[in-house]
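1. Task: produce atomic coordinates for the following.
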Amino acid sequence: MQRKILLGSALMLAAFVAVAGAYGSMSAGGPRMGPARAIERPAFQGYYDGHKDTYLNTDVSNKADAKAMHINYAPILNSVPLKTAPEIYLVEGKAAAGQLAVFGSQPGEPTYSPVWKETILTWKASATPVLTKSDTQINQLEKKGGLTERSTSVRLNCPIIKVGKG
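-> Modelled structure (predicted):
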């Protein structure tokens, strides 16, 4: 008899905990985005201070770039002041093997934002491209004269979703 009472009490306690947990998650404050689902989306890698971070490329402020990149055109991104957006460096023309985008910041840094100011890098004809992995390295190469930088007014929404080790 005691065994039945103990078993019944344990079942009632388990049911109470389950209901309380469900109620707690339903009544917890904060906005709800709905249930999460897994989707397939291309992810890219880029360098930050010598290591690789993984990022998504979802939106751009330029209509022609949106079409070329097969991503969303988001004109509202033009309202982000260029001076507040960190730089994403993209090499145009000849490049070193394995060259990826280079970020000027990453999550955890005070200057991080998922909205980036696009900066185009070009190697001079007389220069031999080297693999660039940091904005500091880019600045040094520019000072030496082999690499040129061209700021654009394009803003890219490219959130970094995984910070690499480095």
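
2. Okay, now the sheet partners of the longest strand along the chain, with direction.
-> Identified as the longest strand of the chain according to DSSP state E is strand 147-157. Partner strands and pairing direction for strand 147-157 (DSSP bridges) are strand 59-60 (antiparallel), strand 115-123 (antiparallel).

3. and among these, the most buried is which?
-> A comparison of the strands paired with strand 147-157 by mean neighbour count, using mean count of other Cβ atoms under 10 Å, puts strand 59-60 on top with a mean of 22. (C-beta placed from N, C-alpha, C; glycine too.)

4. how distant is it from the center of its chain?
-> 12 Å (Cα atoms, centre = their mean, to the nearest Å).

5. Also stretch 111-120?
-> For stretch 111-120, the distance to the chain centre is 10 Å (Cα atoms, centre = their mean).

6. can you give me the mean pLDDT across it?
-> Averaging pLDDT along stretch 111-120 yields 98.

7. Just the terminal-to-terminal distance for that stretch.
-> 20 Å (Cα to Cα, to the nearest Å).

8. ok, now stretch 40-54?
-> So stretch 40-54: terminal residues 15 Å apart, Cα to Cα.
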